[in-house]
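Engineer: predicted model follows, preceded by the sequence.
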Amino acid sequence: MQSLFTGLTEIVQHMHLLIERCSMTDLILYCNIKSN
């Protein structure tokens with residue numbers, strides 16, 4: 001259970017870094033591409 005929690009924490013941290021690195025426009029374009 002502890003390792004699972006640690007894994008989730010790492011994933012959240014990576015997502016946070018990705019969102020910080022990307023601009024809002026890039027995120028919107030990415031969402032549009034994924035939805036099409």
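Structural biologist: Sure, I can see it.
Engineer: number of nearby residues for Phe5?
Structural biologist: 9 (other CB atoms under 10 Å). Using the backbone N, CA and C atoms, a C-beta is placed for each residue, glycine as well.
Engineer: and the next element down the chain from whichever strand or helix holds it?
Structural biologist: Applying DSSP states H and E as the criterion places Phe5 in helix 2-21. Counting by DSSP H and E, the element after helix 2-21 in chain order, helix or strand, is helix 24-35.
Engineer: which strands and helices sit next to that following helix?
Structural biologist: Other helices and strands packing on helix 24-35, by 3 or more CB pairs under 8 Å, 6 or more residues apart in numbering; DSSP states H and E, are absent; none qualifies.
Engineer: now find how far off-centre that helix is within its chain.
Structural biologist: The chain centre lies 13 Å from the centre of helix 24-35; the measure is CA atoms, centre = their mean, to the nearest Å.
Engineer: in it, what's buried?
Structural biologist: Using 16 or more other CB atoms under 10 Å as the test for burial, helix 24-35 gives no buried residues.
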